[in-house]
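1. using only what follows, build the 3D model:
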Amino acid sequence: MDFEIRIGKWVEELVTFMLDHFQPTFDAIATVVNGFGAAIDFVLVGAPAWLLIGLIVATSLWRVGTGFAVFTVAALSLIAGMGLWTETASTLGLVLTATLLSLLVGVPLGVWMARNRVVESIVRTTLDFMQTMPAFVYLIPAVMFFGLGRVPGILATVIFAMPPAVRLTSLGIQQVPAEIVEAGKAFGCHDRQLLFKVQLPNALPSIMAGVNQTMMMALSMIVIASMIGAGGLGNVVLQGIQRLDIALGFESGLSVVLLAIILDRITQSFGQTAAAPRPVRFAFLRRFLPVPAR
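-> A predicted model of the protein is given here:
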């Protein structure tokens, strides 16, 4: 058969066109992301191991409990004892960077999605498409536009980890009881007050669940992103695979698992606190009420 559909050639021409005409935009994005990630990495990797371990353990004790704090001490001490602390701190920095960027884009997009039917239909279809794609596919556009290194790894992770933040923010706002929203409107709330004083506070449990899922997906993707030079524990895992080094692969994989457990339990605790029963948040409406005569 002589006839061929050269889709790959068309995509190559499109990428070349975008690089020729929008390279300054890509450079600006890379500069911002690299600066943001480098600042977080400088703090985490540059801090003494005992200080960072102490902060994580204190957070575990505060948010989860004594038993989990003991587990956190043992887990982080084991990671440090295996000589993988620097890589673990670097991975934590990459995860925090990707998670924060995902939330900066995902939460506002989820709010917009919840308040606009047209946007909801477009974004929902896009998210469905994104979540059916294999994780490795996200590396391709990142490498095309940003080359190899930390920046494309972070951006690929941001795209991969963003859908839960968008979906659960939208879901949380849509699930706010209609009577609460109507009560806010009855007291004269305009749209901004209704969003920030009524809907977002009552949607917080769902939003925090999105934060948890986003962070877990970011951690899983950061390991894969080591294939394009993201660094961290993923790079050690990749070295273990390439060298068929069972010991190195097991130790690095165990470090990833322990870090995932710690991050998961801590972020879950914030979601559980947000979901705890509490009075409906209408205290701010008191200023609209008449003051009773004495």
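2. what bits of the chain have low per-residue confidence?
-> Within the chain, the segments meeting pLDDT under 70 span 1-3, 273-294.
3. that one: helices as residue ranges?
-> With DSSP state H, the ranges of helices along the chain come out as 7-46, 49-63, 66-81, 85-115, 117-132, 139-146, 150-174, 178-186, 191-193, 200-202, 204-224, 233-243, 246-275.
4. let's have those helices in TSV, adding mean neighbour count.
-> To be clear about C-beta, it is placed using only N, CA and C from the backbone, and glycine gets the same treatment. Shown next, in TSV, are the helices of the chain (neighbours: other CB atoms under 10 Å):
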stretch	mean neighbour count
helix 7-46	13
helix 49-63	16
helix 66-81	16
helix 85-115	22
helix 117-132	12
helix 139-146	19
helix 150-174	25
helix 178-186	14
helix 191-193	11
helix 200-202	18
helix 204-224	23
helix 233-243	18
helix 246-275	17
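5. quick one: residue 150 and residue 36 touch, right?
-> No. Using CB atoms under 8 Å, residue 150 makes no contact with residue 36, being 10.7 Å away.
6. how close does the residue lying closest to residue 211 once chain neighbours are set aside sit to residue 49?
-> Computed as CB to CB, 6 or more residues apart in numbering, the closest residue to residue 211 that is not its neighbour in sequence is residue 267, at 5.9 Å. Going from residue 267 to residue 49 by CB to CB, to the nearest Å gives 22 Å.
7. same check, this time on residue 40
-> 17 Å.
8. ok, now how distant is residue 267 from residue 210?
-> Distance, residue 267 to residue 210, using CB to CB: 10 Å.
9. contacts only, for residue 107.
-> Neighbour list for residue 107: 165-166, 169, 207, 210 [criterion: CB atoms under 8 Å, 6 or more residues apart in numbering].
10. Throw those into JSON lines and include distance to residue 96, thanks.
-> Shown next, in JSON lines, are those (distance: CB to CB, whole Å):
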{"residue": "165", "distance to residue 96": "14"}
{"residue": "166", "distance to residue 96": "19"}
{"residue": "169", "distance to residue 96": "19"}
{"residue": "207", "distance to residue 96": "17"}
{"residue": "210", "distance to residue 96": "16"}
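11. and these, which two are furthest apart?
-> 166 and 207 (10.7 Å; CB to CB).
12. between those two, which contacts overlap?
-> 107, 110.
13. cross-check the contact I'm expecting between residue 163 and residue 130.
-> Yes. Counting by CB under 8 Å, residue 163 touches residue 130, with 5.7 Å between them.
14. residue 185 versus residue 199, what's the distance?
-> Distance, residue 199 to residue 185, by CB to CB: 11 Å.
15. scratch that, residue 177 is what I was asking about
-> On the measure of CB to CB, residue 177 and residue 185 end up 13 Å apart.
16. what sits against the closest residue to residue 47 other than its chain neighbours?
-> Spatial nearest neighbour of residue 47, excluding adjacent residues (CB to CB, 6+ apart): residue 89 at 7.6 Å. Counting by CB under 8 Å, 6+ apart, residue 89 touches 44-45, 47, 49, 52.
17. which ones are touching residue 252?
-> By CB under 8 Å, 6+ apart, the residues touching residue 252 are 84, 87, 233, 236-237, 240.
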